[in-house]
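>>> Could you work out the structure for the sequence below:
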Amino acid sequence: MTATSFDVLGFFSAEAEEQRPLLREAHSSEFMKVEGLATQAISDLKAVDGEATQAYLIGVAYWMRCIECCQAAVLLVERGLPTAPFPVMRTAFECLFVACALWRKPDLVAKLQDGHDSERIKQAKAMVAAGAAGRVDPGKLLELESVAAEMPSAGPGLTAWEAAGAAGLTFEYQTAYRGFGLAGAHASLRSLDGLVEERADGSIDFHFGPDDRHTAWLLSLVATCLTGGIQRHRESLSGA
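Predicted structure coming up:
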């Protein structure tokens, strides 16, 4: 057993890295498709006008996050990581929903800000209540107490569900977004499917290593995410 083997270094190993060209060859058409879509998405960003409306520009920033997450997921997929791509892709879809919602309904910026303020105050209050006085320096504690004393906006924040509806992506919410939550974005029982296997005698066997079972499915959902964003971004550009 060498210091570069998977048994020693896991996914940090040279052995794991050697799986990349094999996975890419086995799914060459799927990888080519998502790379082509990413190229289109990035190319379209060159048309962004920095003098555009606030809602459009905030949407572009979320769209950039979406593209980044899609590319990150592909980098994880091609290394055979069995569950790590799921939370990254869930974030990609959430950013997609918000970006497209803002492009179609600019007034939602206010709800987005309300949600940000509410969560910031909620976290500060929770940190103070959880014993921040004994865990953070005095200057930071004063900042936390100041934020905790703020009055949150009366308006509700923008949920992923509401953003998906405004973006015309409710099917993607119910299938991809929820599906990624079950598959591995959360500590769900289903997220263990590729890691734990019950033997015939009832004992448990663990599998820690590259896994190709979800590659085609994951790449298809990366393509779905990028395609939806490209279409709606171009729609917003044509209407500007």
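>>> what's the spacing between the residue nearest the centre of the chain and residue 209?
In the chain, the residue lying closest to the centroid (Cα atoms, centre = their mean) is residue 91, at 1.9 Å. Separation of residue 91 from residue 209 (Cβ to Cβ, to the nearest Å): 25 Å. The C-beta positions use only the backbone N, C-alpha and C, and glycine is treated the same way.
>>> Okay, the residue with the largest distance to the centre of the chain and residue 195: tell me how far apart.
In the chain, counting by Cα atoms, centre = their mean, residue 201 sits farthest out from the average C-alpha position, at 38.8 Å. In this view, residue 201 and residue 195 are 19 Å apart by Cβ to Cβ.
>>> now do residue 86
Taking Cβ to Cβ, one finds residue 86 at 13 Å from residue 195.
>>> neighbour count winner among those two?
More crowded of residue 86 and residue 195, by other Cβ atoms under 10 Å: residue 86, with 25 against 15.
>>> Nearest spatial neighbour of residue 87, chain-adjacent residues omitted?
Nearest residue to residue 87, sequence neighbours excluded (Cβ to Cβ, 6 or more residues apart in numbering): residue 185, at 4.1 Å.
>>> Neighbours of that neighbour, how many?
22.
>>> who's in contact with it?
86-87, 89-90 (Cβ atoms under 8 Å, 6 or more residues apart in numbering).
>>> isn't the residue nearest to the centre of the chain right next to residue 69, touching?
Yes: using Cβ atoms under 8 Å, residue 91 makes contact with residue 69 at a distance of 5.1 Å.
>>> does the residue nearest to the centre of the chain sit in a helix or strand, and which one?
According to DSSP states H and E, residue 91 maps onto helix 85-104.
>>> Any chance you could list what contacts the next helix or strand after that helix?
As assigned by DSSP H and E, the chain's next helix or strand after helix 85-104 is helix 109-129. Defining contact as Cβ under 8 Å, 6+ apart, one finds that helix 109-129 is touched by 54-55, 58, 98, 102, 136, 141, 144-145, 147-148, 150, 152-153, 155-158, 162.
>>> which other helices and strands contact the least confident helix or strand in the chain by mean pLDDT?
When each helix and strand of the chain is scored by mean pLDDT, DSSP states H and E, strand 196-198 comes last, with a mean of 81. Secondary-structure packing of strand 196-198 (3 or more Cβ pairs under 8 Å, 6 or more residues apart in numbering; DSSP states H and E): strand 204-206.
>>> any idea how far the strand it packs on is from the chain center?
Distance, stretch centre to chain centre, for strand 204-206: 29 Å (Cα atoms, centre = their mean, to the nearest Å).
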